[in-house]
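K.L.:
sequence below, structure please.
(one chain, ligands or ions: 1)
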Amino acid sequence: MVHIVGAGPGDPDLITVKGKRLLSEADVVIYAGSLVNEEILNFCKPEAEIYNSAQMMLEEILHVITLAEKAGKTTVRLHTGDPSIYGATQEQMDAMTERGIEFDVTPGVSSFLAAAAALKREYTVPGITQTVMITRRGGRTPVPDSESLKKLAQHQTTLCIFLSVSLLPEIKQDLMSAGFKSSTPVAVVYKASWPGEEKIIQGRLDTIVQQVSEANIDRTAMIIVGQCLNAKTQQKSNLYSPKFSHMFRQARF
Ligand code: SAH
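P.N.:
The predicted structure is shown next:
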């Protein structure tokens with residue numbers, strides 16, 4: 001049996017209770033070493049076989065899993081954040097399905113959520129935006145044309161941009177040409193939730209490139225763009241409003 005597990009964004013305490021249990025029971029652990037905080041491997045049993053997938057190709061990962069299956073062992077495939085987001089998990093799941101290997105998936109706290117927590121911000125502020133877009137800028141890995149930043153940005157939602165901090169100057173250009181004002185708030189969170197390593201940079205579209213370069217951040221960072229970052233709630237939510245009834249509460253006016 002193979003368990004695909006989200007390790008969370010960095011702080012070892014942010015793995016789920018279920019993920020931690022699966023990790024502590026696994027005979028074989030294959031972790032995404034480029035991003036998973038190795039402290040989390042302290043939850044493994046001392047005799048667990050541990051592999052760092054950063055040095056492996058897909059076939060090698062599948063080989064380790066297949067051998068473990070043949071030996072009746074339990075494998076955890078540990079991914080950073082949540083496995084469903086830029087985890088390259090689909091190709092692994094498809095290959096396991098083809099080979100008749102049984103697997104399940106345990107979600108994790110994605111880094112875009114850890115970034116909101118670091119910033120102490122809500123991405124869906126009433127009256128400002130009710131939509132969050134998760135995306136990346138096309139670079140070495142292309143993004144479909146219909147999802148270019150220029151196109152997405154036209155909606156002026158909250159944008160969480162993964163894997164792209166080295167392309168910040170291009171992102172700025174794209175967003176400006178899509179009509180974002182130079183005063184649009186932008187935040188960059190480096191290693192969100194990592195104990196002692198997290199850095200938060202807050203600025204505007206016209207200052208952020210300089211700020212991030214001065215802070216020497218060129219990887220493992222989340223870019224967040226949108227008015228949610230400095231919004232004072234213009235409109236209170238319906239959820240806690242006395243004028244609004246819902247399933248659990250009657251309106252009081
Ligand atoms: N599955 C992961 C994302 C993997 S892609 C998730 O759900 O978070 C790797 C990208 O995620 C990085 O380039 C960076 O943009 C982002 N990232 C991962 N961990 C991060 C962290 N702790 N803080 C900020 N960004 C992070």
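
K.L.:
give me the three-state assignment for residue 219.
P.N.:
What DSSP: H, G, I helix; E, B strand; the rest coil gives for residue 219 is coil.

K.L.:
count residues in the vicinity of the residue in the chain that the ligand sits nearest to, would you?
P.N.:
Closest residue of the chain to the ligand, Cβ to the nearest ligand atom: residue 81 (2.0 Å). In this view, the C-beta of every residue, glycine as well, is placed from N, C-alpha and C. Neighbourhood size, residue 81 [other Cβ atoms under 10 Å]: 28.

K.L.:
look up the residues forming beta bridges with it.
P.N.:
residue 8 (DSSP bridges).

K.L.:
that one and residue 111 touch, don't they?
P.N.:
Yes. Contact criterion Cβ atoms under 8 Å: residue 81 and residue 111 qualify, at 4.7 Å.

K.L.:
what is in contact with the two at once?
P.N.:
Listed as contacting both residue 81 and residue 111 by Cβ atoms under 8 Å, 6 or more residues apart in numbering are residue 9.

K.L.:
now the helices for this protein?
P.N.:
17-25, 58-70, 90-98, 111-119, 149-153, 168-177, 208-214 (DSSP state H).

K.L.:
who's in contact with the residue of the chain closest to the ligand?
P.N.:
So residue 81 contacts 6, 7, 8, 9, 35, 87, 108, 109, 110, 111, 114 (Cβ under 8 Å, 6+ apart).

K.L.:
close to the ligand: what parts of the stretch 101-250 of the chain are there?
P.N.:
Within the stretch 101-250 of the chain, the positions adjacent to the ligand are 110-111, 114-115, 162-163, 189, 191-194, 220-222 by Cβ under 6 Å from any ligand atom.

K.L.:
let's see 5 Å
P.N.:
Applying Cβ under 5 Å from any ligand atom, we find that the stretch 101-250 of the chain lies next to the ligand at 110, 111, 162, 163, 191, 192, 222.

K.L.:
just the buried residues out of those residues, in PyMOL syntax.
P.N.:
PyMOL command restricting those to the buried ones, with burial defined by 16 or more other Cβ atoms under 10 Å:
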select buried, resi 110+111+162+163+191+192+222
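
K.L.:
ok, back up a step: turn the helices of the chain into a markdown table, columns for mean pLDDT and distance to residue 48.
P.N.:
Listed next are those as a markdown table, based on pLDDT from 0 to 100; distance: least, Cβ to Cβ, whole Å:
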| stretch | mean pLDDT | distance to residue 48 |
| --- | --- | --- |
| helix 17-25 | 98 | 9 |
| helix 58-70 | 96 | 11 |
| helix 90-98 | 96 | 19 |
| helix 111-119 | 98 | 25 |
| helix 149-153 | 91 | 41 |
| helix 168-177 | 95 | 39 |
| helix 208-214 | 98 | 38 |
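
K.L.:
okay, and for the protein, where does confidence drop off?
P.N.:
The model of the chain has pLDDT under 70 over residues 233-235, 237, 253.

K.L.:
hey, where'd the strands end up in it?
P.N.:
For the chain, the strands defined by DSSP state E occupy 2-6, 28-31, 49-52, 75-79, 103-106, 132-136, 158-162, 185-190, 199-204, 221-225.

K.L.:
tell me the most buried of these?
P.N.:
strand 75-79 (a mean of 28; mean count of other Cβ atoms under 10 Å).
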